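*Asks:* Return atomic coordinates for the entry below.
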Amino acid sequence: MQFRVEARDTASKARAGKITTAHGPIHTPAFMPVGTAGTVKAILHKDLEEVVKAEIILGNTYHLYLRPGTEIIQAAGGLHKFSGWDKPILSDSGGYQVYSLTHRRKLTNEGVTFQSHIDGSRHLFSPEKVMDIQKAIGADIIMAFDECTPYPCEYDYAKKSMALTHEWLKRCCTHFDKSPPLYDYGQALFPIVQGSTFRDLRKESAEFIAGCDRPGNAIGGLSVGEPAEAMYEMTELVCNILPDDKPRYLMGVGTPENILESIALGVDMFDCVMPTRNARNGMIFTPEGILNMRNKKWEKDFSPIDADGTAFVDKHYSKAYLRHLFVCNEMLGPIIATMHNLSFYIWLVKEARKHIQQQTFFEWKKKMVPKVSKRL
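*Replies:* The predicted structure follows:
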């Protein structure tokens, strides 16, 4: 994997770059639609490529390990061939899913023992096993195994958790480096910065991760309930430490506002379930604000979803029609909303990239943040 910074915004720390992988390029800033179980819900791969124009999607180690299982994925030749997606894929480590199973897991230095949410069966995720699973999945970018701390979090717990994440990272790197690739292309391992919202821990973790000299780096443990100001403060602190010549990935973030503010701090990559999950519940993101399509106010509004006239999907669907689909629980409603929201998110980061290249990003961001945050 290679990364090159192509342009910088002089009024902020935003930068536009290009990641080159065996399965194609990723132009940054980039948003990655979340395909938890090998599919981005409610949308065809064809539409992800041709309408949404996604360059990379995310798969989930925990879910793919449980179903269909790594044996099947490896027999198919990896997740690219199994799912029919031939562009880049990033796989997370499963650490966040294990974190969310507090009542079903036991944490030790060796790893995490957890119960499947599907059938209650018990499994162990160690750093070595997570590397093996992600080698079998075959994602272009794979994540180190970490512990994601909750918010709020006691300082002593955050410190111990960070130390554990660092020890696991050493084991991830050792096992990753000594085990050969399963397929005919390389994979890039990204470490993850932890430390909750404590400045000294974040600094220590960022310095440790930077010292591992991997192809890219991630910032984890944010967007877990902390105030936005704390998230931005930690992100800025970490971005100032992580290497400038490697991509920075802010995990699980977030709202359009979060993305724009984090791009200004030097982040290159994002993922979040928000555009797809909220779409299935009738929430639409647009350049002018956010719409709840179940609201009665749209019942007789025949204007297009996109107030500015931009068709993010294949045609201009009216607010009244989309509301009708959701009220009737028609499958087409979530499908249109998913395609629209993902297209908007990809449009947003591409517009950010364009403005970075034109040296107008900071002023554009100041105008866009109040708009995209507003409820219509």
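
*Asks:* from here on, contacts and neighbour counts on C-alpha atoms
*Replies:* OK.

*Asks:* Most remote residue from the middle of this structure, which is it?
*Replies:* With distances taken from the mean C-alpha point of the chain and given as C-alpha atoms, centre = their mean, the most distant residue is residue 300, at 36.1 Å.

*Asks:* Please name the nearest non-neighbouring residue to that one.
*Replies:* residue 320 (5.5 Å; C-alpha to C-alpha, 6 or more residues apart in numbering).

*Asks:* how far does the host helix or strand of the one you found sit from the chain's center?
*Replies:* Assignment of secondary structure by DSSP states H and E places residue 320 within helix 319-327. Averaging C-alpha positions (C-alpha atoms, centre = their mean, to the nearest Å) puts helix 319-327 29 Å from its chain's average.

*Asks:* how about it: buried residues?
*Replies:* 319, 320, 321, 322, 323, 324, 325, 326 (16 or more other C-alpha atoms under 10 Å).

*Asks:* quick revisit: so the residue nearest to residue 300 sits right up against residue 298, yeah?
*Replies:* Yes: using C-alpha atoms under 8 Å, residue 320 makes contact with residue 298 at a distance of 5.3 Å.

*Asks:* Contact partners for the residue lying closest to residue 282 once chain neighbours are set aside?
*Replies:* Setting aside the residues directly before and after it, residue 282 is nearest to residue 293 in space (C-alpha to C-alpha, 6+ apart), at 5.1 Å. By C-alpha atoms under 8 Å, 6 or more residues apart in numbering, residue 293 lies in contact with 282, 283, 284, 319, 322, 323, 326.

*Asks:* The closest residue to the last one other than its chain neighbours - how many residues pack around it?
*Replies:* Right, residue 326. Leaving aside its sequence neighbours, residue 326 sits nearest to residue 333 (C-alpha to C-alpha, 6+ apart; 5.5 Å). If you count neighbours by other C-alpha atoms under 10 Å, residue 333 ends up with 23.

*Asks:* And the one 3 residues further on, by the same measure?
*Replies:* Number of residues near residue 336 (other C-alpha under 10 Å) recorded here: 21.

*Asks:* and what of the one 10 residues further on?
*Replies:* Other residues near residue 346 number 21, with proximity taken as other C-alpha under 10 Å.

*Asks:* for it, phi and psi?
*Replies:* Here is the backbone geometry of residue 346 (degrees, to the nearest 10): phi -70, psi -40.

*Asks:* contacting residues around it?
*Replies:* Each residue near residue 346 by C-alpha under 8 Å, 6+ apart is listed here: 30, 31, 52, 53, 54.

*Asks:* in the stretch 201-350 of the chain, which spans are strands?
*Replies:* 217-219, 248-250, 269-271, 283-286, 289-292 (DSSP state E, counting those that start in this stretch).

*Asks:* CSV for these, including mean pLDDT?
*Replies:* Output for these, formatted as CSV (pLDDT from 0 to 100):
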stretch, mean pLDDT
strand 217-219, 98
strand 248-250, 98
strand 269-271, 98
strand 283-286, 96
strand 289-292, 96
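
*Asks:* Mind checking those for the one nearest to residue 228?
*Replies:* Residue 228 lies closest to strand 248-250 among those, at 13.5 Å (C-alpha to C-alpha).

*Asks:* Just the CA trace of the helix holding residue 320, in CSV.
*Replies:* Output of helix 319-327 as CSV, limited to C-alpha atoms (Å, rounded to 0.1, in the frame of the first residue of the first chain):
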residue,chain,number,x,y,z
LYS,A,319,-40.4,14.1,-0.3
ALA,A,320,-44.1,13.1,-0.4
TYR,A,321,-43.3,9.9,-2.3
LEU,A,322,-40.5,8.8,0.0
ARG,A,323,-42.6,9.5,3.1
HIS,A,324,-45.4,7.4,1.5
LEU,A,325,-42.9,4.5,1.1
PHE,A,326,-41.8,4.7,4.7
VAL,A,327,-45.3,5.0,6.1
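
*Asks:* Any chance of CSV for the contacts of residue 346, columns secondary structure, neighbour count and pLDDT?
*Replies:* Formatted as CSV, the contacts of residue 346 follow (DSSP: H, G, I helix; E, B strand; the rest coil; neighbours: other C-alpha atoms under 10 Å; pLDDT from 0 to 100):
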residue, secondary structure, neighbour count, pLDDT
30, strand, 30, 98
31, strand, 29, 98
52, helix, 25, 95
53, coil, 14, 95
54, coil, 23, 98
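
*Asks:* between the residues you listed, which is nearest residue 113?
*Replies:* residue 31 (31.6 Å).

*Asks:* so can I have JSON lines of the strands of the stretch 201-350 of the chain showing mean neighbour count?
*Replies:* Converted to JSON lines, these look like this (neighbours: other C-alpha atoms under 10 Å):
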{"stretch": "strand 217-219", "mean neighbour count": "26"}
{"stretch": "strand 248-250", "mean neighbour count": "25"}
{"stretch": "strand 269-271", "mean neighbour count": "22"}
{"stretch": "strand 283-286", "mean neighbour count": "24"}
{"stretch": "strand 289-292", "mean neighbour count": "18"}
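
*Asks:* Columns distance to residue 347 on top of the ones you listed, output as JSON lines?
*Replies:* Converted to JSON lines, these look like this (distance: least, C-alpha to C-alpha, whole Å):
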{"stretch": "strand 217-219", "distance to residue 347": "23"}
{"stretch": "strand 248-250", "distance to residue 347": "18"}
{"stretch": "strand 269-271", "distance to residue 347": "14"}
{"stretch": "strand 283-286", "distance to residue 347": "10"}
{"stretch": "strand 289-292", "distance to residue 347": "14"}
